[in-house]
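> Quick one, fold the following:
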Amino acid sequence: MDRETRALAEKHFRGLGARLPDGVCGPPGRVDFIEKPDAFSYADFFKGYLLPNVPCVFSSAFTEGWGSRKHWVTPDGKPDLDYLLRKYGDMVVPVANCGVQEYNANPKKHMPLREYISYWKEYIQGNYSSPKGCLYLKDWHLCRDTSVEDVYSLPVYFSSDWLNEYWDAINVDDYRFIYMGPTGTWSPFHADIFRSFSWSVNICGRKKWLLFPPGQEEALRDCHGSLPYDVTSPTLLDVRLHPACARCSPPLEVTQEAGEMLFVPSGWHHQVHNLVIMKSCTGINYEEFYHFLKVIAERRILTLAKEMGAGTVGSVGDSRLGTQQAAFDVSRITEVLASLVANPDFQKVDTSTFSLQPEELLQQLEEVVTATAAL
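Model prediction:
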């Protein structure tokens, strides 16, 4: 830390005195993306993100030299399960069942890594289903438990880490974890230990983060004062169960790509989902996925037009859905399509032969969402 940064930090905390920051802030409108390591100093991070306590995402350039990115991933971007099996197969790892709620977490058991990798392969072959449930390898202390190759290099931005410095000094524990799992695995709503900040690197695949700044979680408590297990559950819409939920701002949603590093600020509650990898997991590519969205969107738009009396509608629409369901589907499709249109890989697709350009469909959907907002 340089002198200017230290002076700024001390002034900031003197201003707070013994108080916590007043009020509850909503999430920022977006998360900043840090592109180039050479152009971003520790002082930049400290002043721009650590001190204000806001998240950011670092590009894959920050982790390109890591051993895990070199050895744990196949050339086509999938987890190299065979390498992990050869290297660590006999190690015992903790595994959670994402399909079972135990208080506000998932029950865990321990098994050899080779057993978990065998399950993972069977899960994929079984069309992402297994009688064993949806199992997620979580909180594996690989770096503590064994002498490993250069799995990672500590980024300078997170070098002031009091928790791990303490555990390292007494040689008892650490808070460095490995997570592995197939599409559909997830972590329930939580904040990190002692409300500390954390950082997470996605070695391969994609993750979706739902982030809530400190204080927002209070509005999510149920009538008994308990925090939710799953912030995507429709039960949060029940005002009898969650009387204050309407006061909570929508979460900051971040999709973390392979190699990227996410800074999760202190006290931010979050929920994390492991997402599908296009084509390799779903059997559908970007072009097919767009047309899939287009078909569903057009059917829902026709249903809404019929229900709202906007002229004659052909048989393509399905009025059995009802206005509310159709309006809900349109809003969800709009969000998905907006994300797809902004995706760099989708932008490489030649859309010149499409009967309706993605941007045009997105505009139509946004107009429908606006028109149906009062329904």
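> going forward, measure contacts and count neighbours with C-alpha atoms only.
OK.
> Show me where this protein has its helices.
Ranges of helices within the chain are 3-16, 42-45, 67-71, 81-88, 113-125, 142-145, 162-170, 286-307, 323-342, 358-371, based on DSSP state H.
> Work out the gap between the worst-scoring helix or strand of the chain on mean pLDDT and the centre of the chain.
Least confident helix or strand, the chain: helix 162-170 with a mean of 74, by mean pLDDT, DSSP states H and E. Offset of helix 162-170 from its chain centre (Cα atoms, centre = their mean, to the nearest Å): 28 Å.
> hey, C-alpha coordinates of it in CSV?
Taking Å, rounded to 0.1, in the frame of the first residue of the first chain, the C-alpha atoms of helix 162-170 are listed here in CSV:
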residue,chain,number,x,y,z
TRP,A,162,-5.8,-12.0,8.1
LEU,A,163,-7.7,-15.2,8.4
ASN,A,164,-5.4,-17.3,6.4
GLU,A,165,-2.3,-15.6,7.8
TYR,A,166,-3.5,-16.6,11.3
TRP,A,167,-4.3,-20.2,10.4
ASP,A,168,-1.0,-20.5,8.6
ALA,A,169,0.9,-19.2,11.6
ILE,A,170,-0.6,-21.8,14.0
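> ok so, going back, closest one to Leu262 among the helices of the chain?
With Cα to Cα, the closest approach to Leu262 among the helices of the chain belongs to helix 42-45: 12.4 Å.
> Quick check: buried residues in the closest one?
Buried residues in helix 42-45, counted by 16 or more other Cα atoms under 10 Å: Tyr42, Ala43, Phe45.
> CSV please, covering the helices of the chain and showing distance to Ser198.
Listed next are those as CSV, based on distance: least, Cα to Cα, whole Å:
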stretch, distance to Ser198
helix 3-16, 19
helix 42-45, 14
helix 67-71, 19
helix 81-88, 25
helix 113-125, 25
helix 142-145, 17
helix 162-170, 11
helix 286-307, 33
helix 323-342, 26
helix 358-371, 36
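> looking at the ones you listed, which is closest to Pro94?
In terms of Cα to Cα, the element of these nearest to Pro94 is helix 113-125, at 9.0 Å.
> Now do the closest one against helix 81-88, angle only.
Between helix 113-125 and helix 81-88, the angle comes out at 170 degrees (axes from the mean of the first three to the mean of the last three Cα atoms, to 10 degrees).
> quick one on the thing from earlier: how about the helices of the chain, which one is nearest Cys245?
Of all the helices of the chain, helix 323-342 sits nearest to Cys245, with 18.8 Å by Cα to Cα.
> So which elements touch that closest one?
Contacts defined by 3 or more Cα pairs under 8 Å, 6 or more residues apart in numbering; DSSP states H and E place helix 323-342 against helix 286-307, helix 358-371.
> Just list what the longest one packs against, helices and strands only.
In other words, helix 286-307. For helix 286-307, the elements it packs on are helix 323-342, helix 358-371, judged by 3+ Cα pairs under 8 Å, 6+ apart.
> Pull the number of nearby residues for Arg247.
Neighbours of Arg247 under the rule other Cα atoms under 10 Å: 11.
> quick one, what contacts it?
For Arg247, the contact set (Cα atoms under 8 Å, 6 or more residues apart in numbering) comprises Ala219.
> again with Ser59
Residues near Ser59 by Cα under 8 Å, 6+ apart: Phe33, Ile34, Glu35, Lys36, Gly259, Glu260, Met261.
> what about 7 Å?
Contacts were defined as Cα atoms under 7 Å, 6 or more residues apart in numbering; by that measure Ser59 touches Phe33, Ile34, Glu35, Glu260, Met261.
> Could you list the residues in contact with stretch 207-215?
Contacts of stretch 207-215 (Cα under 7 Å, 6+ apart): 24-27, 251-257, 267-275.
> again, 6 Å this time
24, 27, 251-256, 267-275 (Cα atoms under 6 Å, 6 or more residues apart in numbering).
> And the buried ones among those, selectable in PyMOL?
Applying 16+ other Cα under 10 Å to the contacts of stretch 207-215, the buried members can be selected in PyMOL as follows:
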select buried, resi 27+251+252+253+254+255+256+267+268+269+270+271+272+273+274+275
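> in this structure, which segments are predicted with low confidence?
Low-confidence segments of the chain, defined by pLDDT under 70: 17-27, 145-149, 172, 276-284, 309-321.
> if we can go back for a sec, so for Ala246, which of the helices of the chain sits nearest?
helix 323-342 (17.5 Å).
> Name all residues that make contact with Thr255.
Thr255 sits next to Lys207, Lys208 when contact means Cα under 6 Å, 6+ apart.
> What count of nearby residues applies to the closest residue to Ser153 other than its chain neighbours?
The shortest distance from Ser153 to any non-neighbouring residue, by Cα to Cα, 6 or more residues apart in numbering, is to Trp66 (6.5 Å). Residues within reach of Trp66, counting by other Cα under 10 Å, total 17.
> Roughly how far does Trp66 sit from Ile203?
Here Trp66 is placed at a distance of 9 Å from Ile203 (Cα to Cα, to the nearest Å).
> Same check on Pro234?
Counting by Cα to Cα, the gap from Pro234 to Ile203 is 32 Å.
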